[in-house]
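> just to be clear, the model below is a prediction. Sequence and coordinates:
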Amino acid sequence: MRRHSAQLTHHPAVLPWLGANFWSRTGGPLMWRDYDPTTVREELGVLREHGLTMTRSFFYWPDFHPEPHRIDEGLCERFRDFLDAHTEAGMATIPTFIVGHMSGENWDPAWRGGRDLYEDVWMVGRQAWFVSQMTRRFTDHPAVTGWLITNEMPGYGRVYQVDPPSSDIVTAWAQAMCNAVRAAGGTQPVSLGDGAWGIEVTGRDNGFSLRETAGYVDFVGPHVYRSDTDRVRQHHRAAFECELAAVTGAPVVLEEFGVSTDTVSAENAAVYYRQTLHNSLLGGATGWIAWNNTDYDDLWDRSPYDHHPFEMHFGITDSTGAPKTPLLELRSFAEVLRRVDFPRCRRSDTGAALVVPAFLERAYPYSRPADRPLIFTSLHQAYAAARAADLPVGLTRETDGLAGDAALYLLPSTRQLTTRTRRALERRARDGATVYLSFCSGEHPGTRGPWFDGLDALFGVELQLSYGVAEPIEDDTLAMTFTEDFGPLAAGETLRFPVAGNEDSRAYLPVVPRGARVVATDAHGRPALLVHDTGRGRTVLATYPLEHMAARTAHVNPEQTHRLYAALAELAGAARPVTVDTPYVGADVLVHEDGRRFVWLVSQSPEALTVRPVADGEPHDLATGEPVAEIGLDPYGVRVLELI
């Protein structure tokens with residue numbers, strides 16, 4: 001199956017988008033009042049020297065739109081100079097219109113008067129007017145490479161955790177804003193700037209639906225800041241959200257990501273940037289905009305920095321303009337993009353599909369929103385395990401119908417499936433695919449157990465559950481011992497998995513084989529993994545919630561699900577183009593349109609490693625072109641090579 005890697009057509013001089021969200025150190029959000037053209041040019045110069053091609057810029061709404069029917073023309077002249085500075089530096093920028101939220105604080109134009117930003121017709125009209133006025137002024141400037149409607153509108157337009165707007169209202173508002181850009185002559189790519197925090201990515205409904213707004217935007221822009229209890233999952237968080245954000249097929253730009261050096265060391269800031277950049281590229285992102293360009297030590301007594309002081313030090317340069325470690329990582333990444341000619345590359349095809357249940361993004365009657373975090377975290381953990389197995393996976397959405405060309409379907413700790421998907425999986429198996437599912441009882445006492453029909457027939461078992469009773473896992477570690485060879489896993493070999501979960505989810509599925517054969521048992525001799533041959537393919541059932549248990553365990557990766565996934569891939573005939581004999585290094589391949597192939601090796605080890613990749617080609621150094629048999633990787637390091 002084809003993995004998403006849609007490229008966006010930008011300004012021809014700045015392919016691809018690699019840049020920073022920009023506030024000058026002279027004023028932060030108030031920079032237009034204190035605009036210093038010399039300092040701005042110095043700041044842009046440092047970014048350009050390190051390979052960055054663009055910025056994301058902001059019309060601070062209270063200043064640019066001081067009265068309902070008036071634009072501040074003096075500030076517009078300053079913004080025009082800002083655009084000229086980009087042209088002089090050989091850079092471009094994406095202006096952002098409705099900037100009422102920024103770095104932990106919301107600011108209104110003085111005239112808003114509490115009016116609703118989505119549903120008050122006059123207020124929507126004023127926003128559309130502002131968008132059109134700014135577009136008319138600047139759309140012909142060569143430095144403008146795109147447009148963003150807002151900055152994180154879900155946290156400004158209405159606090160969605162308390163009073164979320166409906167998706168039809170938000171979509172109508174988004175249509176009005178994007179139409180205002182087009183009606184005013186804006187031809188550059190446009191998106192919403194909402195952070196892609198809606199239900200299709202996070203499972204939380206904030207009114208912003210990627211599916212519903214797809215007809216009005218040209219790209220999707222995740223803002224990724226969430227933390228984790230496991231470093232490997234954290235390193236793959238942005239990549240996984242980019243995979244989910246590709247639900248409509250639109251190009252994905254990692255619009256915001258970054259770390260404050262008040263919260264991490266300089267060395268670990270570099271690690272986070274390196275891992276996020278390369279993993280998100282492998283996750284389908286085709287543009288990157290760091291948060292943000294500079295530190296703000298001199299603005300400590302201004303909002304938002306006086307109450308969100310860590311926001312002062314998200315910069316990739318310090319407050320004197322000197323590069324910090326994240327900017328050095330961006331420079332190295334820019335060089336890799338140049339050497340592989342990234343705009344003409346795509347991700348390699350894959351035979352493995354990670355199934356996204358419809359219950360993540362659909363509010364079925366009487367289904368619980370509280371079930372969605374389990375779906376998200378199990379999928380996220382499975383994604384990390386697949387990376388450790390060197391198994392490239394493509395996401396396939398149950399809502400859209402399962403991709404029909406996968407050799408392996410992974411359903412990690414999947415409790416909920418629709419009847420259509422249940423039947424589609426059975427057909428896929430009969431037609432030659434391998435379908436893997438790990439049982440999960442769910443994290444809530446209501447309707448414990450599988451929320452789909454015919455588990456027995458699909459997996460060749462007879463389940464032995466009692467109504468309403470979770471069968472507790474009493475061991476602290478699951479020992480899964482193989483009773484026969486299973487791909488590369490030999491009979492007698494034991495895999496060990498962490499046991500975790502609450503009183504509802506820390507549960508296994510008691511079964512009796514009815515056509516399936518037991519290929520692995522637990523420490524009590526009970527079936528732990530069963531294979532049911534059906535037609536030309538097979539189904540594989542794990543009676544324990546392997547991925548859910550790992551997702552609920554801190555500092556767990558790499559755990560041994562990756563070995564199970566590697567065995568499933570071999571059994572299914574799902575290709576792993578490049579493999580490395582350690583779960584601490586993930587391998588993947590990008591393919592150039594001229595046929596060249598580039599292999600990424602990404603280490604999750606805190607120690608230096610030397611590896612020998614196995615591939616249908618010989619790795620060559622990108623810079624020298626020399627063949628390389630043994631490849632050294634620094635702690636959490638990345639190497640990119642050409643396969644010849």
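Noted; the coordinates are in hand. Only a predicted model underlies this, so the values are computations on that prediction, with no experimental measurement involved. Numbering: from 1, shown residues only.

> what's the end-to-end length of stretch 341-357?
From its first residue to its last, stretch 341-357 covers 35 Å (Cα to Cα, to the nearest Å).

> tell me the mean pLDDT for it?
For stretch 341-357, mean pLDDT rounds to 96.

> and it, what's buried?
Buried residues in stretch 341-357, defined by neighbour count with 16 or more other Cβ atoms under 10 Å: 342, 345-348, 350-357. In this view, the C-beta of every residue, glycine as well, is placed from N, C-alpha and C.

> in CSV, list those along with secondary structure and distance to residue 439.
Output for the buried residues of stretch 341-357, formatted as CSV (DSSP: H, G, I helix; E, B strand; the rest coil; distance: Cβ to Cβ, whole Å):
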residue, secondary structure, distance to residue 439
342, helix, 41
345, strand, 39
346, strand, 36
347, strand, 31
348, coil, 32
350, coil, 25
351, coil, 24
352, strand, 20
353, strand, 19
354, strand, 17
355, strand, 15
356, strand, 18
357, coil, 14
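
> can I get those residues in CSV including distance to residue 375?
Formatted as CSV, the buried residues of stretch 341-357 follow (distance: Cβ to Cβ, whole Å):
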residue, distance to residue 375
342, 32
345, 31
346, 28
347, 24
348, 27
350, 21
351, 23
352, 19
353, 16
354, 12
355, 10
356, 8
357, 6
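
> to what extent is residue 411 buried, counted in neighbours?
The local packing count at residue 411 equals 27, with neighbours defined by other Cβ atoms under 10 Å.

> next, give phi and psi for it.
For residue 411, the backbone dihedrals are phi -120, psi 90 (criterion: degrees, to the nearest 10).

> ok, and the closest non-adjacent residue to it?
The shortest distance from residue 411 to any non-neighbouring residue, by Cβ to Cβ, 6 or more residues apart in numbering, is to residue 437 (4.1 Å).

> distance check, that neighbour against residue 339.
41 Å (Cβ to Cβ, to the nearest Å).

> what residues are up against the residue positioned nearest the centre of the chain?
Nearest residue to the geometric centre of the chain (Cα atoms, centre = their mean): residue 241, 2.0 Å. Listed by Cβ atoms under 8 Å, 6 or more residues apart in numbering, the contact partners of residue 241 are 196, 201, 222, 224.

> am I right that the second one is in a strand?
No. Residue 201 sits outside any strand when classified using DSSP: H, G, I helix; E, B strand; the rest coil, being helix.

> so the residue lying closest to it once chain neighbours are set aside, which of the three states?
With Cβ to Cβ, 6+ apart as the measure, residue 244 is the residue that lies nearest to residue 201, at 4.5 Å, once sequence neighbours are left out. The three-state label for residue 244, taken from three-state DSSP, comes out as helix.

> still on that earlier bit, higher neighbour count, residue 437 and residue 339?
residue 437 (24 against 13).

> the more buried one bridge partners, please.
For residue 437, the beta-bridge assignment (DSSP bridges) gives partners residue 411, residue 541.

> you'd agree it is up against residue 415?
No. When contacts are counted by Cβ atoms under 8 Å, residue 437 is not listed as touching residue 415 (9.8 Å).

> mean confidence for the helix or strand encompassing the residue nearest to the centre of the chain?
Here residue 241, judged by DSSP states H and E, is contained in helix 231-245. Confidence over helix 231-245, taken as the mean pLDDT, stands at 98.

> quick one, it and strand 352-356 angle?
Between the axes of helix 231-245 and strand 352-356, defined by axes from the mean of the first three to the mean of the last three Cα atoms, to 10 degrees, the angle is 80 degrees.

> so which residues of the stretch 451-600 of the chain form helices?
Assigned by DSSP state H, counting those that start in this stretch, the helices in the stretch 451-600 of the chain fall at 455-459, 546-551, 561-572.

> winner for burial among the ones you listed?
Among these, helix 546-551 has the highest mean neighbour count (mean count of other Cβ atoms under 10 Å), at a mean of 28.

> residues making contact with it?
Counting by Cβ under 8 Å, 6+ apart, helix 546-551 makes contact with 233, 374, 377-382, 385, 412-413, 438, 440, 478, 497-501, 505-506, 556-557, 559, 561, 564, all of which sit outside it.

> among those, which are located in strands?
Assignment to strands by DSSP state E places the following of those there: 438, 478, 497-498.

> now the residue nearest to residue 7 when sequence neighbours are not counted: how far from residue 519?
In this structure, residue 7 finds its nearest non-sequential neighbour in residue 286, 5.0 Å apart by Cβ to Cβ, 6+ apart. Separation of residue 286 from residue 519 (Cβ to Cβ): 41 Å.

> residue 230 too?
28 Å.

> report the separation between the residue nearest to residue 374 when sequence neighbours are not counted and residue 106.
In this structure, residue 374 finds its nearest non-sequential neighbour in residue 443, 5.4 Å apart by Cβ to Cβ, 6+ apart. Counting by Cβ to Cβ, the gap between residue 443 and residue 106 amounts to 34 Å.

> for these two, indicate the residue with more neighbours.
The neighbour count for residue 443 versus residue 106, taken as other Cβ under 10 Å, is higher for residue 443 (20 against 13).

> go ahead and confirm the more buried one touches residue 504.
Yes. Proximity of residue 443 to residue 504 meets the contact threshold set by Cβ under 8 Å, at 5.3 Å.

> overlap in contacts, these two.
Applying Cβ under 8 Å, 6+ apart, one finds that no residue jointly contacts residue 443 and residue 504.

> any low-confidence regions in the stretch 251-400 of the chain?
By pLDDT under 70, the stretch 251-400 of the chain has no low-scoring segment.

> how about a cut-off of 80?
366, 370 (pLDDT under 80).

> so where do the helices sit in it?
Under the criterion DSSP H, counting those that start in this stretch, the stretch 251-400 of the chain carries helices at the ranges 266-282, 325-340, 372-388.

> closest to residue 25 out of the ones you listed?
Distances from residue 25 to each of those were compared using Cβ to Cβ; the minimum, 14.1 Å, belongs to helix 325-340.

> now do that closest one: distance to the chain's middle.
Average the C-alpha atoms of helix 325-340, do the same for its chain, and the two points are 20 Å apart (Cα atoms, centre = their mean, to the nearest Å).
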